[in-house]
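Participant: Pasting the sequence and the predicted coordinates here, then a few questions.
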Amino acid sequence: VKTDKKTTKIPTSTFSGFNLFCRLYRPKYLSSLSNMLDSMKTISCLIKESKWAEVQQRLLENPSDAREKNNEGYLLLAWACKYSAPLEVVRALLDAYPEGATKQTGLNQTSRDLA
């Protein structure tokens, strides 16, 4: 059975209103969009990006987040050690979850092994 498919082209003028909106409002909303996306990032992403102030802020807001593991199976403390986090961040993670220092994560490594 043969089917005859026709491709329908959408005229570019259909999107001209959207393009105009993007040109006019992009600068105004870009920073708020960036802030919103940063707030949606996981702490492990913030650690990987070395956004230490944001990591500390998140831990202050919700200390139980220190118990999380990233997608590779590492606790956040181990991940922070791997990415050479400043002492303040390591201290904040230890204060929030002291047991994390001795827990094996990833490839049977502790945070101390990665420090």
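Facilitator: Nice, I can see it.
Participant: can you give me the helices for the protein?
Facilitator: Using DSSP state H, the helices found in the chain span residues 16-40, 43-48, 52-61, 76-82, 87-96, 111-114.
Participant: Lowest average pLDDT across these?
Facilitator: Here the lowest mean pLDDT among the helices of the chain goes to helix 16-40, at a mean of 57.
Participant: And E61, how close does it get to A101?
Facilitator: Going from E61 to A101 by Cβ to Cβ, to the nearest Å gives 22 Å. From N, CA and C alone the C-beta is placed, and that goes for glycine too.
Participant: Show me which of those two is the more surrounded one.
Facilitator: For E61 and A101, the more surrounded residue by other Cβ atoms under 10 Å is A101, and the numbers stand at 17 against 8.
Participant: tell me the pLDDT at that one?
Facilitator: According to the model, A101 scores 83 on pLDDT.
Participant: Next, work out how far apart the closest residue to it other than its chain neighbours and W52 are.
Facilitator: Excluding the flanking residues, the one nearest A101 by Cβ to Cβ, 6 or more residues apart in numbering is S111, at 5.5 Å. Spatial separation of S111 from W52 under the definition Cβ to Cβ is 16 Å.
Participant: how about the nearest residue to A78, chain neighbours excluded?
Facilitator: Skipping the residues right next to it in sequence, A78 comes nearest to S111 by Cβ to Cβ, 6+ apart, at 4.2 Å.
Participant: got a list of what the one you found touches?
Facilitator: S111 makes contact with L75, L77, A78, A80, C81, G100, A101, K103, T105, according to Cβ atoms under 8 Å, 6 or more residues apart in numbering.
Participant: which of these count as buried?
Facilitator: By the neighbour-count criterion of 16 or more other Cβ atoms under 10 Å, the contacts of S111 include these buried positions: L75, L77, A78, A80, C81, G100, A101, T105.
Participant: Appreciated, that's everything.
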